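Novice: got a predicted model here, sequence first, then my questions.
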Amino acid sequence: MATPHHAHCIFCDIIRGAAEVSMCYEDATALAFMDIQPVNPGHVLVVPRQHYESFLDLPRELGMHLFEVAMQLAPIVRRVSGLEGMNLVVSSGAAAGQDVYHFHVHVIPRQTDDGFDVPLPFPGSRMPDRTQLDATAARIIASLRDPMRPTPAKTLSAVK
């Protein structure tokens, strides 16, 4: 399927069997394969078989399944790679660094001083005033409770 960003999707090629891949997991709706530009050996990508461009396009149930697959693979990848840490990374949209516009979850085994960094807290961020944090939280809560929102989300128990 074409995306607004690219007419060609390498992950769709992989899913159709039209590209070389080192597969490590498959089921009816998801697959996982080795990243060809890994942060560290053992870096795996978990993708849906059906094309969805970003996190925002992904059906909730499918998203939950993809994270279940990632959670199942993470301890195995960590053990097989022999590395001590793990990142699960989703980049959704160009501003977030997404470069393949077929939703995917990176399962990245990590070691100290491997050179990969997702610094949080972000060095350029400033701690906002508590009233700003409270106001943003109130807007999120109001949106979750809005009966007119386009796609109803399950109410979080902490927000009830």
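Specialist: It's in. Residues are numbered from 1 along each chain as shown.
Novice: gap between the residue nearest in space to the middle of the chain and P109?
Specialist: Closest residue to the average C-alpha location of the chain: V90 at 2.6 Å, with C-alpha atoms, centre = their mean. According to C-beta to C-beta, to the nearest Å, V90 stands 17 Å off from P109. All C-beta atoms are positioned from the backbone trio N, CA, C, and that covers glycine.
Novice: from the centre of this protein, point out the most distant residue.
Specialist: In terms of distance from the mean C-alpha position of the chain, T131 ranks first, at 30.6 Å (C-alpha atoms, centre = their mean).
Novice: quick one: list the elements packing against the host helix or strand of it.
Specialist: Per DSSP states H and E: T131 is located in helix 130-145. Contact analysis of helix 130-145 by 3 or more C-beta pairs under 8 Å, 6 or more residues apart in numbering; DSSP states H and E lists no helix or strand as a packing neighbour.
Novice: helix or strand: which one has L66?
Specialist: helix 60-81.
Novice: wait, I meant L45
Specialist: According to DSSP H and E, L45 maps onto strand 44-48.
Novice: list the pairing partners of that strand within its sheet, with orientation.
Specialist: Here strand 44-48 is paired, per DSSP bridges, with strand 30-34 (antiparallel), strand 105-110 (antiparallel).
Novice: can you list those in JSON lines and add distance to M64, mean pLDDT and mean neighbour count?
Specialist: Listed next are the strands paired with strand 44-48 as JSON lines, based on distance: least, C-beta to C-beta, whole Å; pLDDT from 0 to 100; neighbours: other C-beta atoms under 10 Å:
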{"stretch": "strand 30-34", "distance to M64": "11", "mean pLDDT": "98", "mean neighbour count": "19"}
{"stretch": "strand 105-110", "distance to M64": "12", "mean pLDDT": "97", "mean neighbour count": "23"}
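Novice: residues touching the closest residue to L88 other than its chain neighbours, list them.
Specialist: Excluding its sequence neighbours, the residue lying closest to L88 (C-beta to C-beta, 6 or more residues apart in numbering) is A70, at 5.5 Å. Residues in contact with A70, defined by C-beta atoms under 8 Å, 6 or more residues apart in numbering, are A32, V46, L88, V105, V107.
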